[in-house]
Structure formats: structure tokens, C-alpha cells
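Chemist: Structure for this input, please:
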Amino acid sequence: MHQGTDAITEHLLADLNEPQRQAVCHVEGPLLILAGPGSGKTRVVTRRAAYLAATVARPYQILAITFTNKAAREMRDRIDALGVGEGMTVATFHAFCARLLRIHADRAGISRNFTIFDTDDRRKLIKKAIEACNLSTTNWSPAAVESVISTAKNDMLTAEDYASDNLDWQQQSYARIFLCYEELLKKMNGVDFDDLLCRVARLIQADAELCGILEQQYKYMLIDEYQDTNAAQYAIARQLTKTHQNICATGDPDQSIYGWRGADISNILNFERDFKDATIVRLEQNYRSTQKILSAADVLIASNSQRKEKTLWTENDEGPAVVVMEHESGDDEARSIVRDIGSRIREGTQAREIGILYRINALSRSLEEAFLREGIPYSIARGVEFYNRREIKDVLAYARILVNPTDEIALFRIINTPTRGIGATTISRLVEQAKGHQISPLEAIYHEGVLAELGRSASKVRAFGALLQTLQPALKLPASQAMEYMMSHTGIRAMYRKEDIADETPLANLDELINAAATFEREHEGTTLVDWLEHAALISDVDIVTNENGAVTLMTLHAAKGLEFDNVYIVGLEDGLLPFRRHEEAGVDEEEERRLCFVGMTRARKRLTLSRARYRMRRGMTERTVKSPFLDELPRVEIEWTNCEGDARSRRSADLGRLPDDIEQWEIGSIVRHPVLGLGSIAMIHQHPRQTRVDVKFRDGSERSWVLEFADLERVDYDEIGDAF
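Modeler: Numbers count the residues shown, from 1 in each chain. Got it, this is the predicted structure:
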């Protein structure tokens, strides 16, 4: 132990329970920390990093990896506050790999000024690849192709690997697009998110010297959220710890919710197989939730088979029962929940301590309408949207082309922004001339031979080239000043000031971009414009999500991971929504969907409400839903089941739907018309005291069910349609 560290280590261990102390004090060899929700995981990981730095290692020998920038920032701040973090590497997997690729660009066979293409840019490039293969983007959607390419890269397959497999005709076309996409990436000196991981994984597997250097540098590796690692991340972790095996993996199989993007739960399930002498520490005490919330979540997740056994417990109060609310419709659900929230706020609950979670964003619409009617402030957590705003992408595109002149995606975004009279025809001719002269489009802008072929547009293209030259000084400025410089010199700020007479949001967003860059500079001393662009490219939804804005927060269950609220409402507990399936015939990973529900439930500190609707609008039609199987898996005791149909019935009878005037003529076999589906015949009428349901069979054989009081149906006389039906 280093001299004078007794007081530091005593402070680091003072407020930990026994399993937490074991995890922090374990020094040599592999360690798996199974951390249940609310068990103080972040505290343990940060204290462990600090303990290692204070006892057996120098800070620069410690590599702490997280999955979000937000988590990395929190971990870094906590370690710094403990006074031992200077020089320690705390980063996301993607940020760490981007750094390695820039430092070791020569070994990786890439230029160090590469651009990281975000999802939007990646799809544009895939679209170019599809068209270059003479395929239709209608039949080969960029989103579908992107999914195939991403899955292949997550499995550590190159385009050549993918193309070499025995493929059917569809996969062969995917392989052609994949190969072309990779050629375009190389030409533009770009990488996508998946490349950051798989390039580094392949590099350190192939380059034993570099792998040795890195393993010698990082004698201790800590990986948070290990259950979310994919094949590339797993390979990196194994390679960098294969000699010293000083790896600490922290995670919870019960919270593995990213299988759809390549996460492999078997990485954490097989930890003891991979590291024979691993020590296992279970963090089972929950400091967040009441006993009743915890019990309900624990019983639910016990239905999963892919897990490691642990028993969650807490010394917190029992708290109120978990409430399950059943509503007649999705709109009823929204109104009832928002009214309940209004009551809690009037009783003293702060709006920021309330979260509404759902499986898909589409469920937010009726909730938003209900909040607006009740006048309750709310915010929707979709963090990455800021960096997808048109004005933000415009400014960043100017910065990207300065850093990486071969970035054609950025070039063609700004060549006519602000408008300078360079249209699609001119751009097409510019690209064609560049190919003919075997130069890049940016080089073509300065090539007099090319300009001579552009006719009257030459002067406009020449002026654009001159503008890019005037922006060169921005490369030497701090990121915030560079943003301001480009906004002013390009005319971007003036353009949005002119456009937004009534709406000043874009201008405010431009100011916020400068603020974000300035904050980044303060947190990362000595950074460059390249570093800022890398940071902006790696921002994800959860990095900007916060529940500190004085409003009720609406968000997806995936975005909620890592957050907590006093009051949590989970809506849409219906088969097809949670568990979610995109199509009726599609399969579903029910265990992962159950884990997602478990994650949502354990975000709640004091009150948890689960909600479903018996009927929900889908594609413009009201359809009967099936209760989520997860509701049946909850414990039979300590759950309060609330049927909310009474209020809905009285409200509907008072001021909403009504039966058709000719209801007496509606019977089985009657012909009805739907504005979208056309003509159909009534297969069944179900009359109930509070409503009438009608089943209609249409000419294509499909059958739909509606609440007749709200159905957009009209009865049609046989004489009116003749032989049409």
C-alpha cells in the first residue's frame, strides 16, 4: 500500500456494506460484481477505481469503461472528488476506441482525421451504395440494409467475410451493398459507430505488439454494464486482460435490454467460464425502492431462465401496493394517469419526481394531449434530437469538412446552405467532373478545368470554395469559438434569423451548441475541434435525459435505464406492446422484454403504477388488446388492481360517442362501409350495458372489431351497392 493512504482508504470504505467492501477491496484477478438495481453500483465502481489508485496502481494504469457519456461523466466527477483520479482513463467503449484509432491510425490503416458518421449520415451513404449497385431504395430500404450491416459488424464480420458465406439471392445483394458501402466509407475517410469497436477489436487481435503495449499500460480494467457488451466489446475486454486478468465486470443479467443492437447476455452469464478463478460478489441490498415495489419486480424477473440467481432485499419501508390500472381505451388511460398525477402534484409531489415510461414513442401522443388539457408541465426525453436538428447539423457539417476534406456527406449538405444558387444539376455535374479528373469533389471545387465545365454556375462554386478557405482559421480555435466563427462567417446565423421571425428556437439552439462546446472545453482541457466533433458524434439519447427540469418526464423504457423517480407509471402493458412485436406474426425475445419491464419497475422509489387499455387505436382503427402476460406473472398479493372503466363510461355517455341513428337496422349480415377498408359485412354484434361492439368481415377476408359508439362505420343499403359486394 502506498505511504499515507490509510486515511484515504478508510474514507473510501467507511459507508459501504460488507459485499460492497469486498468488491472495492478485491485487488488481483478477475472479479464479477452482480449488482441488482439500486444497489449502489456506481458508488462501488468509483470507489474501487479510487481504491486501486490509492493502493496498488497509478491512476493512469486504470481503465474504467462505461456505456454512456453521462455515466462516464458521473464516474469521472466522483473519482475526481475523491482526489485520486488525475490521469485515469474513464470513457465509453466508443470514445475509448475512437481515441485508440486516432493515436494508432497508422497501425489501423486509417487517417487520424477520420469522420464518425452518425445514423443519419450512415443511411445517406448506404443509399448511395444501393444506387451505385443499381438497386432500388424502395426494394432495398437504407434502414433495412443498415440493420444487416450493423448486425454483421457486431458479429465481427467484415464485408468480405459476409460476402464469402453461402448466401441466397437476397443476401448476395446485401453483400454487394455492404462492399460498396465500405468502399465509400474508405473513400470519405469515415467510420460508423460499429467500426469504432470492431476495427479496434480486430486491430489488437492482429497486432500482438500493440495489444501488449495496451495491456501493460492498463493494468486494471473496470467495465460497467457488462451485460450489454457485444462481440467486439467482449473481444477487446478479453484481449486487454488476457495476461494479468485484472478485469472487474459489473452488471446484472436481469437488466440486459440491448440484444436488438448486438448485446450478448452470455458474456456475463459465462464470466466464470472465461475467467476460471473469478471472484463473484453479489450486491443484493436495494437502497432505492420500497419493499413492495422490489418484491413485485423480483417475482416478475424470476420467470426468466437466462439469469444469475440473486435475491433483492431492502431496509426501506414497505410502501403502498403496486397499482395495476385497467382502462377501456388508450385515451382513457392517458386521461386517468394525468388526473392521478395532477392529484399527486396538488398533494405536494414535485413534477420532476414523476416519470411515465412506455415501450414505443407512439404511446406519448395521447399522454401529451392529456397533459396539455390539464395544464401540467411535461417534457419528452429524446436527447439525441438536439444534434439531429437541421441548424445543428449544418454547423457541424462545416466543421467536419474542415477537419476531413474527403467527407462528401458533409460537403453536399453545406454546398448550398445557406442558399447560394448551387442546385442539384450543378452538384451532379461537379461529381461527374471530379470522377473524370480522378479527384475528390472538394478538390474539384478548386479545379479550373472542372469549373470551366460548369458554365454559369462556376462563379457560385468558386465563391463557395473561397468561403471554405476563409474558415480555415477555425481549425486552430477552441471548439466554442470555432462554432461561433463558422456561424457568423458562413451566414448560418443570419439565415436562421431571417427564417425564424416567429420561431426563434433554431437561433436558441445555435447558442446552445456554443454552450455545449464551451462546457466540453472546461471538462476536457486542451481539446481540439476534432475532439469536439467526436464527442458530438457519440452523443446518445440517454446522455441528455434528465429529470431535473421541473416537469413530468415521458420516455421510453430503454431511455429510463440509469434514472429513478419517486413515482413511476408504465403504460401499455399489452401483448404486442410489452412484450413488443413489430408484426403480429413476428417472434419476440420475451425474456429480454421481461427484463425491460423489470428495469422500468425498479426505476420507482416510492410508488409504481402499471397500466393497460382494453382497446387501443392502431393504424386509425380501434382494436381489442390482450393483457400483457407480465401482469399475470406479478405476485397475487400486495398488488392493487384498479378497474377504471366507471369514469370512462360516464364520460363517454355524457359527451362523446353515440350509436348510429339507424341502430335498429344493424344486424348480422348488414353491409357497412369503412372510409379506409371499404365494404364489409357484420359478422357479430355484442351488446353490453356500457357499449356495443361490432365485428366486421371485409372483402379481403380480414376481420376487425370496433366499439360501435366510436366506429367510423356507416350502414349501406343493398340497393345502393348492387353487386359491388
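
Chemist: in the stretch 101-250 of the chain, which spans are strands?
Modeler: For the stretch 101-250 of the chain, the strands defined by DSSP state E, counting those that start in this stretch occupy 115-117, 190-192, 220-223, 247-251.

Chemist: Turn those into CSV, columns for mean pLDDT, distance to residue 91 and mean neighbour count.
Modeler: Placement of C-beta: from N, CA and C, glycine included. Output for those, formatted as CSV (pLDDT from 0 to 100; distance: least, C-beta to C-beta, whole Å; neighbours: other C-beta atoms under 10 Å):
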stretch, mean pLDDT, distance to residue 91, mean neighbour count
strand 115-117, 93, 14, 24
strand 190-192, 94, 17, 24
strand 220-223, 96, 11, 24
strand 247-251, 96, 16, 25
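
Chemist: Ok, which of these comes nearest residue 240?
Modeler: Among these, the nearest to residue 240 by C-beta to C-beta is strand 220-223 (5.9 Å).

Chemist: helices or strands up against the closest one?
Modeler: Secondary-structure packing of strand 220-223 (3 or more C-beta pairs under 8 Å, 6 or more residues apart in numbering; DSSP states H and E): helix 41-55, strand 62-66, helix 231-240, strand 247-251.

Chemist: quick one: which of the strands of the stretch 101-250 of the chain is nearest residue 29?
Modeler: strand 247-251 (8.7 Å).

Chemist: List the strands paired with the closest one, with their directions.
Modeler: Using DSSP bridges, the strands paired with strand 247-251 are strand 31-35 (parallel), strand 220-223 (parallel).

Chemist: Quick one: these as a markdown table, columns for distance to residue 208 too.
Modeler: Formatted as a markdown table, the strands paired with strand 247-251 follow (distance: least, C-beta to C-beta, whole Å):
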| stretch | distance to residue 208 |
| --- | --- |
| strand 31-35 | 26 |
| strand 220-223 | 18 |
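
Chemist: related to what we said a few turns ago, can you redo the strands of the stretch 101-250 of the chain as JSON lines with distance to residue 553?
Modeler: As requested, the strands of the stretch 101-250 of the chain are exported to JSON lines (distance: least, C-beta to C-beta, whole Å):
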{"stretch": "strand 115-117", "distance to residue 553": "29"}
{"stretch": "strand 190-192", "distance to residue 553": "30"}
{"stretch": "strand 220-223", "distance to residue 553": "28"}
{"stretch": "strand 247-251", "distance to residue 553": "25"}
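
Chemist: thinking again about what came up before, right, so of the helices and strands packed on strand 220-223, which gets closest to residue 148?
Modeler: helix 231-240 (15.8 Å).

Chemist: Quick one: mean pLDDT over that closest one.
Modeler: For helix 231-240, mean pLDDT rounds to 95.

Chemist: before we move on, what about stretch 143-162?
Modeler: Computed over stretch 143-162, the average pLDDT equals 91.

Chemist: what's around the closest residue to residue 165 other than its chain neighbours, how many residues?
Modeler: Leaving out its chain neighbours, the residue that sits closest to residue 165 by C-beta to C-beta, 6 or more residues apart in numbering is residue 171, at 7.5 Å. By other C-beta atoms under 10 Å, 15 other residues sit near residue 171.

Chemist: Same question for residue 715.
Modeler: By other C-beta under 10 Å, 17 other residues sit near residue 715.

Chemist: and the stretch of helix or strand it belongs to, what other elements does it pack with?
Modeler: Using DSSP states H and E, residue 715 sits in strand 714-716. Applying 3+ C-beta pairs under 8 Å, 6+ apart, one finds that strand 714-716 makes contact with strand 671-674.

Chemist: So what touches the strand it packs on?
Modeler: Strand 671-674 is contacted from outside by 666, 679-682, 694, 696, 698, 704, 712-718, 721, 725, using C-beta atoms under 8 Å, 6 or more residues apart in numbering.

Chemist: Buried ones among those?
Modeler: Among those, those classed as buried by 16 or more other C-beta atoms under 10 Å are 666, 680, 682, 694, 696, 698, 704, 713, 715, 716.

Chemist: what's across from the last one in the sheet?
Modeler: In this case it means residue 716. Taking DSSP bridges as the rule, residue 716 bridges to residue 671.
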